[in-house]
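K.L.:
predicted structure and sequence below. I'll ask about it afterward.
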Amino acid sequence: MNKFESVVHQQLFELCEQVELEDVLHSYDYICGLIFAVAAAPEIPMPETWLVWVFKQRGQLSSTEQADHLTDVLMGLLQWQLRQMRDELVTLPPGCRLCEPPQHSVALSDYCAGLLAGHSQLEVVWQTSWQKMKLDTPQQLTDLQKDFRHCLLMFSTFADIPLAIKQAKARGNENFPQLLAKIYLSLPEALGKYVALSGAMVDFLPDQFETFVQPLN
């Protein structure tokens, strides 16, 4: 069985594995998490804004052809992710597993780190969305923001597992490493809730969904 979810996933992986690009591009899993954050944003930024986020220190590609290919792959991955979200098929990528010991979960941590990096870049969009929401009661907003903080906490926990363990032990929670496996099982639910929270805000911002969801050639 193919380990990749789509052709564009495989193409991105092959690009990230090229020796000449290892110091230019972030890792495959990081970029997948980054694109998840872009697709889930209440307002999707234009490509010229987010495409540069896949580079380390604004790295450069060796040719125009290589740059065009990378752009096509990244746009294809965004389109794929948007369709998954539209069809309510939000899941954790198959390669992002919790390992034993947890600190060895490199793919999982890279994915969550990329997601958080994308979210950080789009934080103003989220804040604007909160401000524009018109809810029936203040309690609705409080509940939504509580769910939102929980999602970000989940992502940050798995983005840096050694730090999460250290912080938990500093709080006196010595059993936290054993609890990670149970927490990990709730991570797909947190991804889905993150997307749902964005969807709750879409009515208050311009609809850009159709701008980016186009059939792949």
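P.N.:
That came in fine, so what should we check first?
K.L.:
buried residues in the host helix or strand of residue 82?
P.N.:
Element membership for residue 82 (DSSP states H and E) is helix 64-86. Neighbour counts over helix 64-86 (16 or more other C-beta atoms under 10 Å) mark 66, 70, 73-82, 84-85 as buried. For glycine as for every other residue, the C-beta is placed from the backbone atoms N, C-alpha and C.
K.L.:
which residues of this protein fall in strands?
P.N.:
Using DSSP state E, the chain contains no strands.
K.L.:
all helices of it, in order?
P.N.:
Ranges of helices within the chain are 7-16, 28-40, 47-50, 64-86, 106-121, 123-132, 138-159, 161-170, 176-185, 187-201, 209-212, based on DSSP state H.
K.L.:
would you single out the least confident of those helices?
P.N.:
When these are compared by mean pLDDT, helix 209-212 comes last with a mean of 39.
K.L.:
deepest in the core, which of the helices of the chain is it.
P.N.:
Mean neighbour count, computed with mean count of other C-beta atoms under 10 Å, is highest for helix 28-40 among these, reaching a mean of 25.
K.L.:
how many degrees apart are it and helix 138-159 in direction?
P.N.:
If you take axes from the mean of the first three to the mean of the last three C-alpha atoms, to 10 degrees, helix 28-40 sits at 170 degrees to helix 138-159.
K.L.:
roughly how far out does helix 28-40 sit from the chain middle?
P.N.:
4 Å (C-alpha atoms, centre = their mean, to the nearest Å).
K.L.:
same question for stretch 14-33.
P.N.:
15 Å.
K.L.:
got it, and stretch 67-77?
P.N.:
For stretch 67-77 - counting by C-alpha atoms, centre = their mean - the centre lies 17 Å from the chain centre.
K.L.:
just stretch 39-56 next, same as before
P.N.:
For stretch 39-56, the distance to the chain centre is 11 Å (C-alpha atoms, centre = their mean).
K.L.:
quick revisit: distance to residue 56 added to the helices of the chain, as CSV?
P.N.:
Below are the helices of the chain laid out as CSV (distance: least, C-beta to C-beta, whole Å):
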stretch, distance to residue 56
helix 7-16, 11
helix 28-40, 10
helix 47-50, 15
helix 64-86, 14
helix 106-121, 11
helix 123-132, 21
helix 138-159, 17
helix 161-170, 21
helix 176-185, 28
helix 187-201, 25
helix 209-212, 25
